[in-house]
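Novice: could you look at this predicted model? Sequence included:
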Amino acid sequence: MNSNKTLKEDALFYHAKGRPGKIEVIPSKETATQRDLTLAYSPGVAEPCLAIAENPEDVYKYTAKGNLVAVISNGTAVLGLGDIGPAAGKPVMEGKGLLFKIYADIDVFDIELDTKNVDEFVRTVKILEPTFGGVNLEDISAPECFEIEERLKAELNIPVMHDDQHGTAIISAAALLNALELVGKDITKVKIIVNGAGASASSCTNMYCMLGAQKSNIFMFDSKGLIHPSRNNLDGKKREFANNHAPAETTLAEALIEADVFIGLSKGNILNPDMVKVMAKDCIIFAMANPTPEIAYEEAMAARQDIIFATGRSDYPNQVNNVLGFPYIFRGALDVRSKVINEEMKLAAVYALAELAKKPVPDIVNMAYANSNLIFGREYIIPKPVDPRLLTTVAPAVAKAAIQTGVAKIHISDWEAYENQLSKRLGLDNTLTRGIVNKAKQQPKRVVLADAQNIAVLKAAQQVREEGIAIPILLGNIQVIQQLISEHQLDLADIEIVDPMLPANEAEKARLIRYGDLLFEKRQRKGYNKGEAHDMIRRRNYFGCMMVETGEADAMVGGMTRNYPDTIRPALQVIGRQQGVKKVSGMYILMSRFWSAFF
């Protein structure tokens, strides 16, 4: 593609190239032989039909129902485009299906309904229930969307969620929890201004209230002003958020004075720097209008430096993106065959997302965002959409909540096995590595990490300790390592750190002398004198190998900051070859989603 082409041209070309659209249906069983076709269709297909007729629950065993979600819309509120109709909204629904598949391995049929009649919409979705395991309502205008969702939740026995309402609520609630924690504010006491009163704003406000926010501290605005009890034009759910703790004529600018939180779910550029400046100290601004936020990031940050700022855009910190929620919420609900997605399941997703943001960020995420230092803080309060841990964090949390609240038909007892299953769905797991990890957990070994002054190594140390894979021992400058641990908020308390260059006590000095003497014994006929041996043992790779040789550690990992010869040479000189072995060789493992190969 020519780099000078406009976004419009690029997008149209992208959707039209090759097979038009973004999703297709592919077979999941063998179809190569006549026998395969006989089993897939007539006469073999009669057997699962009869089994399902006898036991309706077998539909989940013999068909795709348990992993199939309907994305359904009438095109009345498509993105920021408004009521453009069902056909024009279809690219969005296909895109939603694409996200379900790539993030949670959930199959989707998108269904666009040519009706604005609530009864007709509900009736149509209801008669489709035998086909699907869940329903994702999408881009339906308020207030009809409220009635449609409520009726379908009451009348169907499969989970239903209007993502435009609840998706943003779940993600922004997780972000709000973390933002308030960072600034040390109590959610029960903060003053919250919500600009926008549609489906998403109502759901967000309800979610914040479930977390402890007080309705008396929440001031919601629509295009006509403050949602106030004196108004006679409050439709939909607006009346639930009417607040008489301010005069009816209060403007948005006036309400923002000493406000702790601004939630924008309206339109772009309705805030200005002066309005931001009058907010409370350490204010939180979620400007989530897309693609143009209520105030530009640069403007807000120039107005004051103590803001925690979030948008719906990927080119700024703290993106409130629904893809952090809906794929994993439906994954968890489908896997326990929940009949609803209830408030407890949504809250479980909120807390799971909030906690995940506090954990060390995998290098694959840092690389994706060209950032080597993503850590919990003002510019990282929610996980990034590419974080591979989302599937194995959010889905289990949702599934557990479904089981605990009695809406699940399947009860999971082995959660580790379930997480392994989730990993395999998207190729995040590998049979070989899983086997190695499981074996390591049975009897964790002491592993010396020779390059502990590297943040990637420290993150790995935390992970292997948390998962019970190994007992790490860190080699390097203690002050540097502790500073890195503090800067990146790692949990490595009580972990052993050894600096061969600066022994911390008499015992370590004695060990260093003992190691030097042992190295001299091994290398004195190879050109080493005693002084050289004692100097050499202070090098971390030599020291770590000697820990293994003396049985004070079981293994050593190195090579992050040294080239291959400088890493392998100490092992050969300190530990050497096993008796009877003449050649030393290395092994590489190439892993993909489908297979592993050894070299």
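Specialist: Received it, and whenever you're ready, just let me know what you need. Numbers count the residues shown, from 1 in each chain.

Novice: surely Lys101 touches Asp110?
Specialist: No: Lys101 lies out of contact with Asp110 (Cβ atoms under 8 Å); the separation is 11.6 Å. All C-beta atoms are positioned from the backbone trio N, CA, C, and that covers glycine.

Novice: what sits against the residue nearest the centre of the chain?
Specialist: Of all residues in the chain, the one closest to the mean position by Cα atoms, centre = their mean is Leu390, 3.1 Å from it. Residues near Leu390 by Cβ atoms under 8 Å, 6 or more residues apart in numbering: Tyr103, Leu324, Tyr328, Leu353, Leu356, Pro383.

Novice: I would like the residues contacting stretch 511-527, please.
Specialist: Here stretch 511-527 has contacts from 500, 503, 528-530, 533-534, 536-538, 542-543, 546, 549-550, 573-574, 576, using Cβ under 8 Å, 6+ apart.

Novice: show me what counts as buried in that stretch.
Specialist: Across stretch 511-527, burial judged by 16 or more other Cβ atoms under 10 Å covers Arg511, Leu512, Tyr515, Gly516, Leu518, Leu519, Phe520, Lys522, Arg523.

Novice: show the subsequent helix or strand relative to the helix or strand containing the fifth one.
Specialist: Applying DSSP states H and E as the criterion places Leu518 in helix 506-523. Under the assignment DSSP H and E, the closest C-terminal helix or strand after helix 506-523 is helix 530-536.

Novice: show me what that next one packs onto, helices and strands only.
Specialist: helix 506-523 (3 or more Cβ pairs under 8 Å, 6 or more residues apart in numbering; DSSP states H and E).

Novice: sorry, back to before: which SS state does the residue nearest to the centre of the chain fall under?
Specialist: Recorded secondary structure, Leu390: helix (DSSP: H, G, I helix; E, B strand; the rest coil).

Novice: also the one 3 residues further on?
Specialist: Under the three-state scheme (three-state DSSP), Thr393 adopts helix.

Novice: please tell me how far it sits from Leu422.
Specialist: Remark: distance between Thr393 and Leu422 (Cβ to Cβ, to the nearest Å) = 10 Å.

Novice: out of the two, which sits in the busier spot?
Specialist: Taking other Cβ atoms under 10 Å, Thr393 and Leu422 do not tie; Leu422 has more neighbours (24 against 20).

Novice: does the more buried one sit in a helix or strand, and which one?
Specialist: In the assignment (DSSP H and E), Leu422 maps to helix 415-425.

Novice: can you list the buried residues in that helix?
Specialist: Neighbour-count burial for helix 415-425 flags Tyr418, Glu419, Asn420, Leu422, Ser423, Arg425 (criterion: 16+ other Cβ under 10 Å).

Novice: including pLDDT and distance to Ala11, could these go into a markdown table?
Specialist: Shown next, in a markdown table, are those (pLDDT from 0 to 100; distance: Cβ to Cβ, whole Å):
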| residue | pLDDT | distance to Ala11 |
| --- | --- | --- |
| Tyr418 | 96 | 38 |
| Glu419 | 93 | 37 |
| Asn420 | 88 | 38 |
| Leu422 | 93 | 32 |
| Ser423 | 88 | 33 |
| Arg425 | 84 | 29 |
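
Novice: just give me the closest of these to Leu492.
Specialist: Leu492 lies nearest to Glu419 out of the buried residues of helix 415-425, by Cβ to Cβ, at 23.4 Å.

Novice: which ones are touching that closest one?
Specialist: So Glu419 contacts Thr392, Pro396 (Cβ under 8 Å, 6+ apart).

Novice: please redo it, this time with the cut-off set to 6 Å
Specialist: Counting by Cβ atoms under 6 Å, 6 or more residues apart in numbering, Glu419 touches Thr392.

Novice: what about whatever helix or strand Ala349 lives in, average pLDDT?
Specialist: Ala349 belongs to helix 343-356 when assigned by DSSP H and E. Averaging pLDDT along helix 343-356 yields 97.

Novice: quick one: buried residues of it?
Specialist: Glu344, Met345, Lys346, Leu347, Ala348, Ala349, Val350, Tyr351, Ala352, Leu353, Ala354, Leu356.

Novice: and if you look at stretch 41-54?
Specialist: When burial is assessed from 16+ other Cβ under 10 Å, stretch 41-54 yields the following buried residues: Ile52.

Novice: what's that stretch in contact with?
Specialist: With contact meaning Cβ under 6 Å, 6+ apart, stretch 41-54 is reached by Thr38, Asp58, Val59, Tyr62.

Novice: list phi and psi for Ala287.
Specialist: phi -100, psi 90 (degrees, to the nearest 10).

Novice: apart from its neighbours in sequence, what residue is nearest Cys209?
Specialist: Closest residue in space to Cys209, ignoring its immediate chain neighbours: Lys215 at 6.2 Å, by Cβ to Cβ, 6 or more residues apart in numbering.

Novice: dump the residue contacts of the closest residue to Leu334 other than its chain neighbours.
Specialist: Closest residue to Leu334 apart from its sequence neighbours, by Cβ to Cβ, 6+ apart: Gly133 at 5.2 Å. Counting by Cβ under 6 Å, 6+ apart, Gly133 touches Lys65, Gly66, Leu68, Ile158, Leu334.

Novice: show me the helices in the stretch 301-450 of the chain, by range?
Specialist: For the stretch 301-450 of the chain, the helices defined by DSSP state H, counting those that start in this stretch cover 326-335, 343-356, 363-368, 389-404, 415-425, 431-442.

Novice: which positions in the longest one come out as buried?
Specialist: When you say that, I think you mean helix 389-404. For helix 389-404, by 16+ other Cβ under 10 Å, it's 390-403.

Novice: want to throw those residues into CSV with distance to Asn290 and pLDDT?
Specialist: Below are those laid out as CSV (distance: Cβ to Cβ, whole Å; pLDDT from 0 to 100):
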residue, distance to Asn290, pLDDT
Leu390, 21, 95
Leu391, 25, 95
Thr392, 28, 95
Thr393, 25, 96
Val394, 22, 97
Ala395, 26, 97
Pro396, 30, 98
Ala397, 27, 98
Val398, 25, 98
Ala399, 30, 98
Lys400, 32, 98
Ala401, 29, 98
Ala402, 31, 98
Ile403, 35, 98
